[in-house]
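Engineer: How does the following fold in three dimensions:
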Amino acid sequence: MGVQEVSWDKEGTVREEDYIFFCGKANENHQFGTGFLVHHIILSAVKRVEFVTARMSYIGLRGRWCNIIVLNIYTLSGEKSDDSRDSFYQE
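Structural biologist: Numbering: from 1, shown residues only. From the prediction side, this is the model:
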């Protein structure tokens, strides 16, 4: 499951009961940030977790017949300026 608004100031993993949380680093204002919550049963299927920016990440999973990539992108809300939106989409 993809998670957004992870406001932690460091990147890493956290184990909690039956889940592993892969968390990305938020920006300098502790905003945005993305992560993935993975049940321990499918942890062996995780091939790669990549945090591209504070707003973008992906997880690669090994499937039975094909591999799966899940993108997690925390986009801008409607009240942002056109310049902010243009910068985000260009990134």
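
Engineer: which residues does Phe22 contact?
Structural biologist: Listed by CB atoms under 8 Å, 6 or more residues apart in numbering, the contact set of Phe22 reads Thr13, Gly35, Phe36, Leu37, Val38, Val49, Ile59. For the C-beta atoms, the positions are set from N, CA and C on the backbone; glycine is no exception.

Engineer: tell me which element it falls in.
Structural biologist: strand 19-23 (DSSP states H and E).

Engineer: For stretch 65-73, buried residues please.
Structural biologist: Of the residues in stretch 65-73, Asn72 count as buried by neighbour count, 16 or more other CB atoms under 10 Å.

Engineer: quick revisit: what is the subsequent helix or strand relative to the strand holding Phe22?
Structural biologist: strand 34-39.

Engineer: Just want the angle from the following helix or strand past that next one to strand 34-39.
Structural biologist: Once the chain leaves strand 34-39, the next helix or strand it forms, by DSSP H and E, is strand 46-51. Put simply, strand 46-51 runs at 160 degrees to strand 34-39, going by axes from the mean of the first three to the mean of the last three CA atoms, to 10 degrees.

Engineer: Measure how strand 46-51 sits relative to strand 19-23, angle-wise.
Structural biologist: Using the same axes, to 10 degrees: strand 46-51 against strand 19-23 is 40 degrees.

Engineer: so what does the very next helix or strand once past strand 46-51 touch, helix or strand wise?
Structural biologist: With elements assigned by DSSP H and E, the helix or strand that comes after strand 46-51 is strand 56-61. Contact here means 3 or more CB pairs under 8 Å, 6 or more residues apart in numbering; DSSP states H and E; on that basis strand 56-61 packs against strand 34-39, strand 46-51, strand 68-73.

Engineer: Export these to JSON lines and append columns for mean pLDDT and distance to Lys25.
Structural biologist: Converted to JSON lines, the helices and strands packed on strand 56-61 look like this (pLDDT from 0 to 100; distance: least, CB to CB, whole Å):
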{"stretch": "strand 34-39", "mean pLDDT": "86", "distance to Lys25": "10"}
{"stretch": "strand 46-51", "mean pLDDT": "91", "distance to Lys25": "7"}
{"stretch": "strand 68-73", "mean pLDDT": "89", "distance to Lys25": "14"}
